[in-house]
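Participant: Structure of the sequence below:
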Amino acid sequence: MSQSKFDPKQPSLPISYPIHKLEDLESGSYFESFHYPFNKASVPIESGYSAPLPDRRRILVCHDMAGGYLDDKWVQGGTNADAYAIWHWHLIDVFVYFSHNLVTLPPPSWTNAAHRHGVKVLGTFITESEKGTAICEKLFSTKDSARMYAERLAELAFKLGFDGWLLNMEVELQAKQITNLKEFINHLSLTTHSSVPGSLVIWYDSVTIEGDLYYQNELNEHNKPFFDICDGIFANYEWEENYPSRSASVAGDRKFDVYMGIDVFGRGTYGGGQWNSNRALDVVRKGDVSAAIFAPGWVYETKQAPDFESAQNRWWSLVEKSWGIVRKYLRTLPFYTNFDQGRGNHISVHGEQISEATWCNISSQGIQPLLEFADSTANPIKLLVDLKEASYSGGGNITFKGSLEKGTKFMTRIYQGEFILSESLIHFFYSVKSDSKSSLGIVLKFTSTVKKSMSVLLTSHGMDHVSSAFSKVIRTNEHKGNAPGWVINEGSIEMKGYVLTEIHALCYRSNAPPKEMGLKSRPLGPDHDHAGVAYSTDYFAVLGHVTVKTSNYNPDFPLSSSWLVDGEFINWTSDPQDSRILSVKISWKLKEGKEFVCQHYNVYVEKLQKLADGNQSTAFEHVEEYLGVAHVNCFYVSELKVPRSISSLKFVIQVCGFDGTIQNLAESPFYQLEIKGP
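Facilitator: Have a look, this model is predicted:
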């Protein structure tokens with residue numbers, strides 16, 4: 001989409017886009033854009049992370065993916081199931097969305113996904129080349145000018161819901177401009193801190209305090225005055241082995257605010273980047289400073305074998321092994337995840353597939369599992385987040401495949417965190433789909449304030465042979481889901497004074513005979529049970545979701561009548577097939593004085609047509625057609641095909657809770673659009 005043809009004030013499918021001109025930054029014209037309300041991040045940073053960064057080595061990841069604003073620019077989601085995504089958030093403390101535009105605003109999808117995992121998100125302000133020199137002349141012309149532009153940037157972070165800025169001044173500056181540059185950095189830091197708790201302003205190692213564009217590749221006297229008035233420095237990549245420790249000496253008690261650059265493409269980077277990026281990390285770790293990983297999308301852009309997901313897991317496993325720090329999820333209940341990566345080949349709700357279209361929308365990413373990378377021969381069971389196997393919720397799940405002998409088990413960690421449990425009863429739910437002899441349980445690990453450890457197994461049946469390995473075994477209640485094959489397991493436990501620290505999946509062969517299992521045995525292998533019945537060592541199970549919540553947690557969805565739902569920017573056109581084409585923006589809010597915060601909204605349409613008596617409407621084909629997901633209180637319906645026989649459209653906004661529950665469609669708010677004319 002070229003800049004000359006794009007008019008941000010005109011209704012169109014919502015996109016994320018940068019600000020190209022200083023004049024547009026100054027005027028605040030972005031806030032008058034049709035796209036602005038759609039670009040607000042809806043997920044506040046997870047509690048516990050709005051505070052300052054932890055006092056330890058950190059990893060900053062700078063997303064530099066083929067210029068930015070690709071599949072991720074489509075706020076309501078794109079169509080590329082193979083779109084780039086990150087899911088190793090447990091290794092990341094700060095995420096920077098980067099492009100070579102003047103003001104790079106992070107698409108809300110990245111902010112939502114990062115915040116859900118407790119990761120801070122920064123936009124980028126960059127000046128480069130002759131154009132950048134001209135911008136800096138205006139920007140740093142006076143102290144008031146420097147302060148005003150700083151305030152505009154702080155306002156963008158506050159209103160769009162991200163956490164600050166990376167400043168990249170890659171131009172030569174005159175000595176007289178340096179005073180106002182420092183004023184700009186200082187005022188941006190103070191203003192952003194006051195409006196966005198826990199926010200950051202980080203300086204990129206480019207121009208020096210003398211005004212020279214001369215990368216230092218470390219923290220030293222030529223760039224420390226900038227470091228002193230903001231939250232950190234991103235050192236350029238061409239450093240040598242002793243630079244991290246030298247930088248630590250200069251930084252003193254702020255050594256963790258020094259982020260040593262590592263270019264994954266390997267351009268001038270210590271160790272050569274790429275599959276050797278961990279060599280640079282080893283040196284940074286030894287120097288006891290932080291790391292800034294630039295362009296980890298290298299794995300995706302260069303199509304590393306055998307496929308993106310496998311290559312990405314392998315690459316980040318090298319990071320994890322080198323760095324040695326895994327961030328714990330500090331979360332409050334409810335905890336819910338459906339393992340969605342924010343892309344896929346279908347979308348399901350409670351086991352029922354509502355869309356077969358390919359899609360991508362990182363805003364929809366669930367809390368990602370901490371799966372340990374292992375080669376195919378290391379474990380009897382291979383597990384992966386599977387985007388093709390039918391899902392229970394969203395577009396992902398964890399699939400377990402392999403070979404398991406009877407009487408053996410395989411256990412693997414899927415989450416690590418700190419969930420402080422109150423006095424009330426804790427309820428657990430998880431969905432499983434498996435073959436007749438493959439069983440899947442959940443193991444919960446707890447510690448108490450006196451460091452006493454407990455492991456609790458949740459299982460539905462057939463675990464007598466391994467139950468002695470656990471402190472407690474809870475027999476779950478099974479009930480069938482809405483969709484064939486899915487079984488929902490439910491259990492409860494009281495663990496007053498304990499902290500839930502880990503969730504594991506346990507794969508095992510049930511000792512129950514096929515009749516008790518209610519499924520037929522699959523005799524695929526040479527093995528036989530004591531009755532001479534053949535059975536297979538093949539193992540296959542799918543984990544669809546996990547929910548942990550207190551007994552008193554209830555979303556209590558507002559009644560449909562509590563909402564005000566409206567449509568605007570209604571536009572009708574015709575198509576050659578004699579249908580009408582509709583575009584409309586639908587907005588909703590609770591009536592005055594009411595408040596309800598939810599995870600997201602599913603948007604559907606019912607196409608209604610008049611009956612012969614002319615008095616009633618009936619749903620066309622009796623189906624709700626899924627249109628998409630909204631993470632803010634508005635959704636743009638673009639070019640919806642409406643047959644001529646349709647007299648009314650009912651847009652249904654399904655409210656989805658933080659614990660994975662959803663409002664019944666019949667009780668959900670809606671907007672009804674009567675169609676006039678022939």
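Participant: Grab the nearest non-local neighbour of Arg56.
Facilitator: Of all residues not flanking Arg56 in the chain, Phe256 sits nearest, at 6.3 Å (CB to CB, 6 or more residues apart in numbering). No exception for glycine: its C-beta is placed from N, CA and C like everyone else's.
Participant: Hmm, Asp55 and the one you found touching each other?
Facilitator: Yes. In this structure, Phe256 is within contact of Asp55 by CB atoms under 8 Å, at 6.5 Å.
Participant: so where's this protein uncertain?
Facilitator: 1-4, 47-50, 375-377, 462-465, 511-536, 611-622, 677-678 (pLDDT under 70).
Participant: so which helix or strand takes in the residue most central in space within it?
Facilitator: Centroid-nearest residue in the chain: Ala113, 2.1 Å away (criterion: CA atoms, centre = their mean). Assigned by DSSP states H and E, Ala113 belongs to helix 108-116.
Participant: just Val632 next, same as before
Facilitator: Using DSSP H and E, no helix or strand contains Val632.
Participant: what bridges to Ile442?
Facilitator: Leu458, Ala505 (DSSP bridges).
Participant: and it, how many neighbours?
Facilitator: When neighbours are counted by other CB atoms under 10 Å, Ile442 registers 24.
Participant: got it, and the one 4 residues further on?
Facilitator: Neighbours of Phe446 under the rule other CB under 10 Å: 21.
Participant: separation between it and Gly396?
Facilitator: 27 Å (CB to CB, to the nearest Å).
Participant: mind listing the strands in the stretch 401-550 of the chain by residue range?
Facilitator: Under the criterion DSSP state E, counting those that start in this stretch, the stretch 401-550 of the chain carries strands at the ranges 409-420, 426-434, 438-448, 453-459, 472-475, 477-480, 487-493, 498-509, 527-528, 534-535, 538-550.
Participant: Mind putting these into JSON lines with distance to Tyr214?
Facilitator: Conversion of these to JSON lines gives the following (distance: least, CB to CB, whole Å):
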{"stretch": "strand 409-420", "distance to Tyr214": "43"}
{"stretch": "strand 426-434", "distance to Tyr214": "56"}
{"stretch": "strand 438-448", "distance to Tyr214": "51"}
{"stretch": "strand 453-459", "distance to Tyr214": "54"}
{"stretch": "strand 472-475", "distance to Tyr214": "63"}
{"stretch": "strand 477-480", "distance to Tyr214": "67"}
{"stretch": "strand 487-493", "distance to Tyr214": "61"}
{"stretch": "strand 498-509", "distance to Tyr214": "48"}
{"stretch": "strand 527-528", "distance to Tyr214": "70"}
{"stretch": "strand 534-535", "distance to Tyr214": "70"}
{"stretch": "strand 538-550", "distance to Tyr214": "52"}
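Participant: Of those, which is nearest Gln654?
Facilitator: Taking CB to CB, strand 538-550 is the member of the strands of the stretch 401-550 of the chain nearest to Gln654, at 17.1 Å.
Participant: quick one on the thing from earlier: Phe256 and Asp55 - which one has more neighbours?
Facilitator: Neighbour tally, Phe256 and Asp55, criterion other CB under 10 Å: the higher count belongs to Phe256, 19 against 8.
Participant: which residues touch the more buried one?
Facilitator: Leu53, Asp55, Arg56, Arg57, Arg58, Val289, Ser290 (CB atoms under 8 Å, 6 or more residues apart in numbering).
Participant: Then Ser453?
Facilitator: Counted by CB under 8 Å, 6+ apart, Ser453 has contacts Lys445, Phe446, Thr447.
Participant: do Ile646 as well
Facilitator: With CB under 8 Å, 6+ apart, Ile646 has these contacts: Lys607, Leu608, Gln609, Phe620, Ile675.
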